[in-house]
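Peer 1: My questions concern the predicted model and sequence given below.
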Amino acid sequence: MRNGKTWKDTALSFILTALCLTVLYVLLVKALTGKSSPSMLQEYEKSFYSGQREMFWLKNATWQDFRLKAYIPKDKLEGRSSGLTYMEGQAIPYFTVAVDPKVVPLGAWVYIKADSLEGWFRATDTGSLIKGKVIDICVPDRGTALRFGTQRGQVVVLY
């Protein structure tokens, strides 16, 4: 084979990679659901092959109640256009969320299900008034933020 590797080296690399991926998968199942029974693994495999991977994780994940609000970046309120988040990235409407880092780690992905929206968001911002189970969702303009108001929603946090 090329690069001086034999077929045995290649096979061993493949087996070790498969083993590592299996261990990571089991750890992810335990982290999201708190359990790792064989029936759950079978259910995941069925959902994986039927194209329902995301719904499997969300159905078996731990949902938490959060208070949801909407915001526009402070820079946009002041007429500047930088809109930088706490993590020095650009605030993107309907993608960026501001959180209390003691509750939701910065950089985590969150799935939000509320009356007026549902989907994946990224926790990259904070705010001085965000304490506890509160999430501020970045929106494009003041009118949208006012219409959104304050809502209750279900949230899944992926660390």
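Peer 2: Structure received.
Peer 1: The chain: strands as residue ranges?
Peer 2: 64-71, 96-98, 109-113, 118-125, 134-138, 151-158 (DSSP state E).
Peer 1: so of these, which one's packed in deepest?
Peer 2: Of all the strands of the chain, strand 96-98 carries the top mean neighbour count, a mean of 25, counting by mean count of other C-beta atoms under 10 Å. Backbone N, C-alpha and C define where each C-beta goes, glycine included.
Peer 1: Which of the strands of the chain sits closest to Tyr86?
Peer 2: Nearest to Tyr86, of all the strands of the chain, is strand 118-125, at 5.0 Å by C-beta to C-beta.
Peer 1: mind listing what that closest one pairs with, with the direction of each?
Peer 2: strand 96-98 (parallel), strand 109-113 (antiparallel) (DSSP bridges).
Peer 1: Tabulate the strands of the chain (CSV), appending mean pLDDT and distance to Ala145.
Peer 2: Shown next, in CSV, are these (pLDDT from 0 to 100; distance: least, C-beta to C-beta, whole Å):
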stretch, mean pLDDT, distance to Ala145
strand 64-71, 95, 4
strand 96-98, 92, 12
strand 109-113, 91, 16
strand 118-125, 90, 14
strand 134-138, 94, 9
strand 151-158, 92, 12
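Peer 1: Can you tell me which of the strands paired with strand 118-125 is nearest to Leu146?
Peer 2: Closest among the strands paired with strand 118-125, using C-beta to C-beta: strand 96-98, at 17.1 Å.
Peer 1: Residues touching the closest one, excluding its own?
Peer 2: 71, 85-86, 89, 110, 112, 121-127, 130, 135-138 (C-beta atoms under 8 Å, 6 or more residues apart in numbering).
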